[in-house]
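J.: sequence first, then the predicted structure, then my questions.
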Amino acid sequence: MEVITLQSGSAGNCVFVRSGETRLLFDAGISGCKAESRLAEYGYDIRDCNALVLSHEHSDHISGVGVFHRKFGLPVYANLRTWNATRAKPSTGWIGSPNYFESGKPFRIGSLRIETFRTPHDAIDGVCFVIEVVESGERFGLLTDLGHVFSGLQKVICSLDAVLIESNYDEAMLHHGPYPQRLKDRISGKRGHISNTDAAELLDACEASQLQWACLGHLSAENNSPDVALATHRERHGDRFPVFCADREGALQLPKIEEPRFSLQATASAGRR
């Protein structure tokens, strides 16, 4: 499985995932021009993508959905409540009927099985995703806009071969930063984002030797930095697995996710299908 983050942060989010002939985009929070050109740098034509999958209706995840659909011809997948909220935004423009999935239940596109998990983030029906290659069992978690460390999240992470996990803010930088208290409370509250420490503890709490890599995503520009986030994670789990930071303003190609390292994991993954 191949993963390219086309952008990750409050200014926009979009992630490309490919397995074989199946090519998916998750979220459309950047312009069509940026998505097209950044994918082209890695030899991919955005028009060859099979679908665009939406996590929730916040503008940094759906601002480009109309262009992705109309200009590039991408079918859209979303749950009903997210789609209704997205369609209600004037910036979406005309768009055809989406393909609906039910939050909390898996669905399939081509060679990929997509598990959905409801999040307590302050969206109308936000979800995060685990994307699994049906035949070989590789599992990638796309876990951002989580709200807080909710029940079951650690178990999900422990089932993965690679993960892009939200590591939004540093507690000290947020506390001493320029944001008004109301916004600080929203970010650190139960429906906001998780911190560097939260994300590091989640990864550390699992027997993480199965992780081929972790990528830190959705870093705040004002209350975090790649250096601070990486230092927090390295302090917690050392060099047991590579850790990267997604770019807030550009693309990052991550290492190819190989088949699960352990036969027991592959067996468990096959059982889930």
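T.: Nice, thanks for sending it over.
J.: would you map the strands across the stretch 1-150 of the chain?
T.: 2-7, 14-19, 22-26, 51-53, 76-78, 99-100, 107-109, 112-118, 127-133, 139-143 (DSSP state E, counting those that start in this stretch).
J.: and residue 178, which of those is closest to it?
T.: Residue 178 lies closest to strand 2-7 among the strands of the stretch 1-150 of the chain, at 23.6 Å (CB to CB). (C-beta placed from N, C-alpha, C; glycine too.)
J.: buried residues, the closest one. List them.
T.: 2, 3, 4, 5, 6, 7 (16 or more other CB atoms under 10 Å).
J.: what's the answer for stretch 238-253, then?
T.: Those would be 241, 243, 244, 245, 246, 247, 248, 251, 252, for stretch 238-253 by 16+ other CB under 10 Å.
J.: which of these fall within strands?
T.: 243, 244, 245, 252 (DSSP state E).
J.: from memory the second one sits against residue 216, does it?
T.: When you say that, I think you mean residue 244. Yes: judged on CB atoms under 8 Å, residue 244 makes contact with residue 216 at a distance of 7.1 Å.
J.: will you turn the buried residues of strand 2-7 into CSV that also has distance to residue 94?
T.: Below are those laid out as CSV (distance: CB to CB, whole Å):
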residue, distance to residue 94
2, 32
3, 31
4, 29
5, 29
6, 24
7, 25
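J.: export those as CSV, with columns for pLDDT.
T.: Formatted as CSV, these follow (pLDDT from 0 to 100):
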residue, pLDDT
2, 98
3, 98
4, 98
5, 98
6, 98
7, 98
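J.: quick one: mean pLDDT for the longest helix seen in the chain?
T.: If you go by DSSP state H, the chain has its longest helix at helix 226-237. For helix 226-237, mean pLDDT is 95.
J.: for burial, what's the neighbour tally of the closest residue to residue 29 other than its chain neighbours?
T.: The spatial neighbour of residue 29 that comes closest, neighbours along the chain excluded (CB to CB, 6 or more residues apart in numbering), is residue 12 at 3.8 Å. By other CB atoms under 10 Å, 22 other residues sit near residue 12.
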